[in-house]
Each structure stands twice: as C-alpha cells, then as structure tokens.
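>>> Attaching a predicted model along with its sequence, questions to come.
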Amino acid sequence: MYHALGYGTMMYLQAIMTLEPREVETAVTALKQAIRVCVKLRKSTKFGRPNYDKYTDEEVHAELCYAESLLLRSILTFLQDENLISFIKGAMRIKQCYKSYQECYKILERRRFQDERMKMHFESGVRMGIGAFNLMISMLPPRILRLLEFVGFTGDKASGLADLEVSSNLHNGLRAPLASIILMSYHAYISQVLGNGDGNINFASSILKPCLEQFPKGALFLLFAARIQEVNGQLDEALGLYEQSIDSQSSWRHLHHLCYWQMMWCSAFKCEWLFAMKYAEVLSRESSWSKSTYLYLKGIFMLMSEDQSAAMTEHVVAIFTKVPELKVRVAGKSLPIEKFAIRRVQRFFAQGNRLTLPALVGGVGGERRGRAGGDLHLERIRHHLQERASGRAHPAAHRGQGGGGERRRPEQDAGGRPRPVLAAQGHVSSLPTRLGRRGGVSPRARVHGEAARRGQAPRPLRRGRDGLSGPEGRQAQGGAEPSRGRTVSAPPDPAHVPCRNNYKGYQLESRLHFRLHAALEELKRQKDPAKTAGQSAAGRP
C-alpha cells in the first residue's frame with residue numbers, strides 16, 4: 001500500500017514539474033493503482049455509526065493513503081484534460097478526499113491505538129492533510145472562498161498552520177518531512193509572493209535545522225536553506241547553497257530549474273544583469289513551464305545591462321517577437337504572468353523598442369515584496385542605476401552639414417541624454433519608496449489612495465498603461481491605515497461604489513487579490529485575536 005502511494009507520489013511530482021502529457025499519463029496510471037490497493041484494504045461502513053476500535057492498523061492507514069492518493073489524482077485531473085467534465089470530476093474527487101481526511105481525523109480522536117508508533121505515523125499524515133487543506137483554502141480570495149464554504153469546505157489558516165506544526169514536530173513520523181516542506185514553502189515562498197511578506201522566516205529556519213541534520217545533502221532542504229538566506233538578504237550565501245542543491249543530485253533536472261529561477265533573481269538584486277540573463281536563457285532552453293516568461297525575462301535583463309548597442313537591441317527585438325508565440329495554457333487557463341509579459345512586449349514595440357527600467361515593473365519589484373532584506377536590495381539597485389544615469393550623458397548635439405542650427409538624434413533629449421536614461425533618473429531617486437514595504441506602489445497610486453482615504457470623491461479612474469494604478473492606490477490606502485493606528489474603515493461612500501467596478505481586468509489581478517485577502521485576514525486577527533482563536537478551534541473537523 002505505502003509502496004504504491006510512494007511510487008504514485010514520485011510520478012506525480014515528476015508530472016507537475018514537467019507538465020508533459022506522457023508524464024501526466026504515467027502519474028495517473030500509478031495513482032489509479034494506488035487507489036485500487038487502498039480501496040481493497042479500507043473498512044467499508046455504509047450504515048450506522050462506525051466503531052473505530054474495531055478497525056485494524058492496516059485499515060486506518062488504508063483510509064489515510066486513500067485520501068492522499070485521491071488528492072493527487074484529482075489535481076492531475078485538471079492537467080489531464082481541459083474540458084468542463086474534467087473540472088467537475090476533479091472537484092468531486094477533491095470533495096471526496098476532504099471527507100476522507102475528516103474521517104481520518106475522527107479515527108485519530110476516537111480510536112484507542114495499541115501501538116504508539118502506528119499512531120504517530122497515522123497522526124503525522126492526518127494532521128499534514130487537514131492542515132494543508134485548511135491552509136490552502138484559507139488563502140483563496142473571498143469570492144472563491146464563499147463558494148467553497150457553500151459546498152462544504154472550510155479553511156482556517158491558524159488551524160492549518162498549527163496542525164502542520166504538530167505533524168512536523170513528530171520527527172519520527174512518516175510524513176513529518178513532508179509537513180516541514182509544506183510549512184517552509186508557506187513561510188519562505190507563498191507568503192512572500194502571494195501574501196504580504198508575513199511569513200515567519202525564523203520559524204522556517206528552526207524547522208529546517210533538524211531536517212538538514214537528518215538529510216544534509218537533501219536537494220529540497222538545501223533549496224529551502226538558500227531561499228531563507230535570500231529572503232534575509234544574504235545573496236552570496238544563497239547562491240552558494242543553490243549551487244550545493246544543484247550538485248547534490250542529477251536525477252531530477254527540474255529541481256535544478258527551481259534553483260536557476262532563484263539564482264536569476266539573486267543576480268538581478270545584485271545588479272548582475274548578464275548573469276540573470278544567462279539563468280533565464282538556461283530556463284528557456286531546458287524548462288517547459290513557461291518559455292514565454294523566460295524569454296521575456298531574458299530580454300528585460302538584456303535591456304537593463306550596460307550594453308545598449310544596436311546589435312543588442314536587435315537581439316532583444318528577436319527575443320520579444322517570440323514571446324507571444326510561446327504562450328501556453330494550464331488547466332484550460334492562460335498564465336497571468338504570460339499575459340503580463342505579452343502586454344509589456346507590446347508596449348516595448350509601441351514605444352519604439354524601449355522600456356524604462358523593465359526589471360522593476362512586475363519583475364524585481366514584485367519578487368521582493370515583503371522580504372526582510374528587500375530594502376537593502378533596492379538601495380543597491382538605486383545606486384547602481386543612478387551611477388549609470390549620470391555616466392551615460394552624451395554631447396548635447398552636433399552641427400548639421402547644411403545649416404547653422406543644432407540637430408540632435410530623435411532618441412536624445414534637449415541635453416543629449418538618451419531618453420531611457422532621462423526617465424531612469426526620475427525613477428531611481430524614489431525607488432525604495434515606490435517599491436518598499438510601505439505599500440509597494442507608485443507615487444501616483446499612493447496619491448490616489450490618500451485622496452480616497454480623506455473622503456474626497458475620486459476623479460474618473462485613470463489607470464496606467466498596465467492598468468495597475470487604481471487598484472494599487474486602494475491597496476496603498478489600506479496599507480497606510482495600520483501605521484496611523486486605524487484598522488477599521490468607515491462605511492463606504494456611495495459615491496465611491498461605481499469606482500470599484502472599474503477595478504477589473506488589470507494586469508496581475510489575481511496576485512493582488514491574494515495579497516489583499518492576506519492583508520484583510522491579518523487585520524481581522526489583530527482586531528479580535530480571541531475571536532480568531534475560536535474560529536481556529538471550530539475549523540477542525
């Protein structure tokens with residue numbers, strides 16, 4: 001039973017990393033076999049209240065393995081086919097899996113285990129599954145969360161994190177390392193990208209320490225060690241640990257791609273744009289996740305480099321031409337980051353093959369949000385760009401052959417400086433404020449939010465070319481309130497309600513929804529900790 005589940009899990013991870021149809025089919029076949037084995041060994045109770053004391057150890061573990069196999073199978077259903085029937089099947093399997101985990105939780109609470117070792121292994125799996133479900137569901141935006149609660153799902157982040165911590169602390173438990181990986185993923189990755197940087201990095205480090213002691217050459221644990229150093233601003237140490245993770249194994253090339261992705265951003269924070277470009281180039285060749293995104297990142301890092309020759313520009317144009325052609329669909333949906341990249345490429349061509357500080361728009365700025373060492377990185381970038389802007393001034397103009405007036409090339413301003421550099425000088429001076437922890441938005445968006453906070457009726461919404469200013473303004477308004485000691489806003493003015501309808505269809509909308517949801521949940525927790533604790537207790541099956 002556990003052999004079938006373990007093999008199916010390995011095939012599942014390989015399918016998720018590659019997204020190749022052949023790998024997905026192999027994983028589906030392996031998980032179907034695991035489900036069949038678990039079904040044969042499960043206890044069948046159709047009528048009456050079950051007596052869990054009559055369950056054998058094999059039967060209770062079969063219920064747990066069935067829930068895990070069914071969860072992995074349901075996720076692959078969304079990748080295997082993109083039609084409506086597959087989505088319905090996947091949703092039904094997830095619901096069945098959730099009920100199975102609830103049943104396992106009842107077994108854990110009511111059954112008298114004769115073998116404490118068996119109970120420890122069972123508890124580590126149950127708490128990992130229930131905790132992961134609670135954490136995953138609680139992070140979804142409210143409109144999706146309400147729909148899931150209507151069909152029977154419940155999600156509470158505090159309860160989920162508590163269950164995962166209990167599972168992780170059962171060091172000899174069979175699923176303790178998996179629970180530790182989920183916790184570290186949340187604190188070091190998910191909360192930084194989809195949240196407001198509220199992950200507990202010190203807690204993630206304390207979880208990682210025993211894992212590294214037990215598996216000193218574990219590729220995943222070395223990856224998390226590097227990520228924690230990166231979040232703390234120790235970029236050189238992070239790069240070294242990423243290299244150790246790459247050298248620790250060669251079987252799963254796709255784990256190398258995760259390291260290359262993070263090494264790319266570390267190089268970008270160090271303003272080593274050509275190194276960042278090289279990592280993006282490797283990803284575009286080897287990884288099948290999103291070649292469109294990789295090529296876009298390769299192009300913007302080339303635009304940020306010192307070499308701005310005509311040959312370099314032609315190379316960037318050739319790269320950007322391929323970006324729209326390589327767009328993919330996952331589970332029937334286009335990736336938001338690819339849509340963003342295509343829009344930025346269109347803007348590049350519309351502006352005469354030019355983008356101003358492209359790595360800081362949806363790139364470094366979005367990647368560093370909430371990091372403890374983020375302000376240090378941005379200060380380094382600001383100084384680097386200011387030095388480049390002041391050192392690239394050209395002679396003011398040159399005399400024409402046929403007249404006495406001054407002539408200048410169209411790409412220069414009145415002072416002879418290249419226009420991208422002129423724009424850069426205006427941007428870099430306020431870079432830490434624009435992308436720092438206090439809102440993470442542009443000055444124009446911040447002013448919009450301040451006007452709304454003072455109760456002034458907003459002017460007709462004027463979003464930027466990327467459609468971000470209005471929503472960011474509202475985010476800035478909400479993010480500024482706690483620093484002023486205000487966490488509860490007044491009822492919305494009816495005059496402002498029509499403005500909300502304009503905040504649709506902007507770039508990276510889903511990511512902002514996740515972040516707003518995380519901020520609102522944190523405000524609720526600060527406002528009434530006792531009520532939040534009560535909800536956490538009620539969130540358990």
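Alright, I've got the coordinates. Numbering: from 1, shown residues only.

>>> Spit out the contact partners of Met263.
Listed by C-beta atoms under 8 Å, 6 or more residues apart in numbering, the contact set of Met263 reads 239, 242, 279. Just so you know, the C-beta spots here come from the backbone N, C-alpha and C atoms, and that holds for glycine as well.

>>> any idea how far it lies from Glu230?
To Glu230, Met263 is 9 Å away according to C-beta to C-beta, to the nearest Å.

>>> I'd like the contacts of Met263 as JSON lines, with distance to Ile190, neighbour count and pLDDT appended.
Formatted as JSON lines, these follow (distance: C-beta to C-beta, whole Å; neighbours: other C-beta atoms under 10 Å; pLDDT from 0 to 100):
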{"residue": "Leu239", "distance to Ile190": "22", "neighbour count": "20", "pLDDT": "95"}
{"residue": "Tyr242", "distance to Ile190": "19", "neighbour count": "25", "pLDDT": "95"}
{"residue": "Tyr279", "distance to Ile190": "22", "neighbour count": "24", "pLDDT": "95"}
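
>>> Which member of these is positioned nearest Ala34?
Nearest to Ala34 among the contacts of Met263, counting by C-beta to C-beta, is Tyr242 at 32.9 Å.

>>> So that closest one sits against Ala226, correct?
Yes. The pair Tyr242 and Ala226 qualifies as a contact (C-beta atoms under 8 Å) at a distance of 4.5 Å.

>>> shared neighbours of the two, anything?
Joint contacts of Tyr242 and Ala226 (C-beta under 8 Å, 6+ apart) are 259, 262.

>>> low pLDDT regions in the protein?
45-48, 79-84, 86-87, 141-143, 150-151, 194-198, 331-332, 362-386, 388-541 (pLDDT under 70).

>>> all strands for it, in order.
Using DSSP state E, the strands found in the chain span residues 329-330, 333-334, 398-399, 406-407.

>>> who does the first one pair up with?
Think strand 329-330. strand 333-334 (antiparallel) (DSSP bridges).

>>> Show me the contact partners of the partner strand.
With C-beta under 8 Å, 6+ apart, strand 333-334 has contacts from 327-328.

>>> ok, so of the contacts of Met263, who is nearest Val126?
Tyr242 (33.9 Å).

>>> Give me the phi and psi for Val328.
phi -120, psi 170 (degrees, to the nearest 10).

>>> residues contacting the residue lying closest to it once chain neighbours are set aside?
Closest residue to Val328 apart from its sequence neighbours, by C-beta to C-beta, 6 or more residues apart in numbering: Ser290 at 6.5 Å. By C-beta under 8 Å, 6+ apart, the contact set of Ser290 is 328, 335, 337-338.

>>> 10 Å instead, please
19, 283-284, 296-297, 326-328, 330, 335, 337-338, 341 (C-beta atoms under 10 Å, 6 or more residues apart in numbering).

>>> Please spell out the ChimeraX selection for the buried subset of these.
Of the contacts of Ser290, the buried ones go into a single ChimeraX selection, burial set by 16 or more other C-beta atoms under 10 Å:
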select :19,283,284,296,297,326,327,335,337,338,341
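
>>> I'd guessed Tyr26 sits against Leu13; true?
Not Tyr; residue 26 is Thr. No. The pair Thr26 / Leu13 is not scored as a contact, 11.8 Å apart, by C-beta atoms under 10 Å.

>>> Not counting its neighbours along the chain, what's nearest Asn200?
Once flanking residues are discounted, Asn200 sits nearest to His187: 5.3 Å by C-beta to C-beta, 6+ apart.

>>> ok, now Phe320?
Val345 is the one closest to Phe320 (C-beta to C-beta, 6+ apart), at 4.6 Å.

>>> same question, Ala225
Nearest one to Ala225, counting by C-beta to C-beta, 6+ apart, is Leu241 at 5.1 Å.

>>> I'd say that neighbour and Asn232 touch.
No. The pair Leu241 / Asn232 is not scored as a contact, 12.0 Å apart, by C-beta under 10 Å.

>>> So for those two, which residue has more residues nearby?
Per other C-beta atoms under 10 Å, whichever of Leu241 and Asn232 has more neighbours is Leu241, with 23 against 17.

>>> Distance check, the more buried one against Val60.
Distance from Leu241 to Val60, by C-beta to C-beta: 39 Å.

>>> one step back: need the residues touching each of Met263 and Glu230.
238-239, 242.

>>> Just name the closest of these to Thr77, please.
The closest of these, once distances to Thr77 are taken by C-beta to C-beta, is Tyr242, at 33.2 Å.

>>> My understanding was that that closest one contacts Ile228; is that so?
No. Look at Tyr242 against Ile228 with C-beta under 10 Å: they stay out of range, at 11.7 Å.

>>> what's the overlap in contacts for the two?
Contacts common to Tyr242 and Ile228, judged by C-beta under 10 Å, 6+ apart, are absent.

>>> Next, count neighbours for Ile207.
Neighbour tally, Ile207, other C-beta under 10 Å: 22.

>>> residues contacting it?
164-165, 168-169, 179-181, 183-184, 187-188, 200, 224.

>>> For Ile144, see how far away it is.
Counting by C-beta to C-beta, the gap from Ile207 to Ile144 is 29 Å.

>>> will you turn the contacts of Met263 into TSV that also has distance to Leu135?
Listed next are the contacts of Met263 as TSV, based on distance: C-beta to C-beta, whole Å:
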residue	distance to Leu135
Leu239	30
Tyr242	26
Tyr279	30
